[in-house]
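# give me a 3D structure for the following:
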Amino acid sequence: MTTEPTAPQDEIHREIGRRQIGAGELHTALLRRHYAAPIQDVWEACTVPDRLNRWFLQVSGDLRAGGTFSLDGNASGRILRCEPPRLLQLTWSYADHPVSQVELRLTLGRSDEDTVLELEHAVPDRFVQQDGREIDVFLNDPVTVMWGIGSGWEMPLVHGLTRYLRRAAGRSGIRVVRVQAGRPGAGRSSRSSLGRRGQGSRLARLARLVPLWSPRRP
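A predicted model of the protein is given here:
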């Protein structure tokens, strides 16, 4: 996979790149993060419906390799591979966006209590037309108030899953709040009573948290 220059790294690794497959080239957004939890616990938090619902979205469907899934109010798709507790590969279909692919990979970290999570979202087209403008689906767009794929995944993975695992292990008194920032992989921010002005302010705050996913100023 080839990569582009990225912003300085912090606690989560972010990478934009390309990957070759038989049908051609896919554009990819990759996030990598360590979690202080056993690999089986992280796997179940990401795949067991009752646990996933506590920090992400409600999921339903025939949840096995070859089956289908649906996330409440969000995306749906087919489960291509499921190899517990290491690999989950899905197709990802949202509204009228081209079908893309999401792969979740878990590996053992520095110890049995450390798990490395990688999430890679691959799309056939990085640039799309939206409201008469060409936008980069990976990046936040303040004009159309679109949240990119990167931010859409980073917010729940960094905040929602981290807090949930800490709470489940009894290591923190933080109250778990499900995070649904940016509708992962969809690109459009969640609609609310704040309106476009309020969403723009929220997008600006998000840009400070996840700088790689915001366009660089000239």
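
# what sits opposite Gly17 in the beta ladder?
Thr3, Thr28 (DSSP bridges).

# let me know whether it touches Thr28 as I believe.
Yes: between Gly17 and Thr28 there is a contact under Cβ atoms under 8 Å: 5.1 Å. Using the backbone N, CA and C atoms, a C-beta is placed for each residue, glycine as well.

# and the next element down the chain from the one helix or strand Gly77 maps to?
Under the criterion of DSSP states H and E, Gly77 resides in strand 76-83. The first helix or strand that comes after strand 76-83 along the chain, using DSSP H and E, is strand 87-92.

# neighbouring contacts of that next one?
Outside strand 87-92, the residues that touch it by Cβ atoms under 8 Å, 6 or more residues apart in numbering are 46-47, 69, 75, 77-82, 99-106, 121, 185.

# low-confidence ranges, this protein, go.
Applying pLDDT under 70 to the chain flags residues 1-10, 22-23, 171-218.

# and the residue nearest the centre of it, helix, strand or coil?
By Cα atoms, centre = their mean, the mean C-alpha position of the chain lies nearest to Trp153, the distance being 2.2 Å. On the three-state scheme (DSSP: H, G, I helix; E, B strand; the rest coil), Trp153 is labelled helix.

# Asp125 belongs to a strand?
No: assessed with three-state DSSP, Asp125 is coil; it does not lie in a strand.

# mind telling me what element the nearest residue to it once chain neighbours are set aside is part of?
Nearest non-adjacent residue to Asp125, counting by Cβ to Cβ, 6 or more residues apart in numbering: Pro98, 6.1 Å away. Following DSSP H and E, one finds Pro98 outside all helices and strands.

# tell me how many other residues crowd Pro98.
12 (other Cβ atoms under 10 Å).

# what do you get for Glu118?
So Glu118, with other Cβ under 10 Å, has 15 neighbours.

# again, but for the one 5 residues further on
By the other Cβ under 10 Å criterion, the neighbourhood of Val123 contains 22 residues.

# residue contacts, Thr115?
Counting by Cβ under 8 Å, 6+ apart, Thr115 makes contact with 34-35, 37-39, 41-42, 106-109.

# correction: the previous question concerned Pro98.
123-125 are the contacts of Pro98 under Cβ under 8 Å, 6+ apart.

# relative to Gly132, how far out is it?
Between Pro98 and Gly132 the distance is 19 Å, computed by Cβ to Cβ, to the nearest Å.

# swap in Ala168?
From Ala168 to Gly132 the distance is 46 Å (Cβ to Cβ).

# neighbour-wise, which of the two wins?
The neighbour comparison of Ala168 against Gly132 (other Cβ under 10 Å) goes to Ala168, with 17 against 6.

# what's the separation between the more buried one and Pro84?
Ala168 sits at a distance of 18 Å from Pro84 (criterion: Cβ to Cβ).

# ok, Asn53 next?
To Pro84, Asn53 is 19 Å away according to Cβ to Cβ.

# try Ala36
For Ala36, the distance to Pro84 equals 20 Å [Cβ to Cβ].
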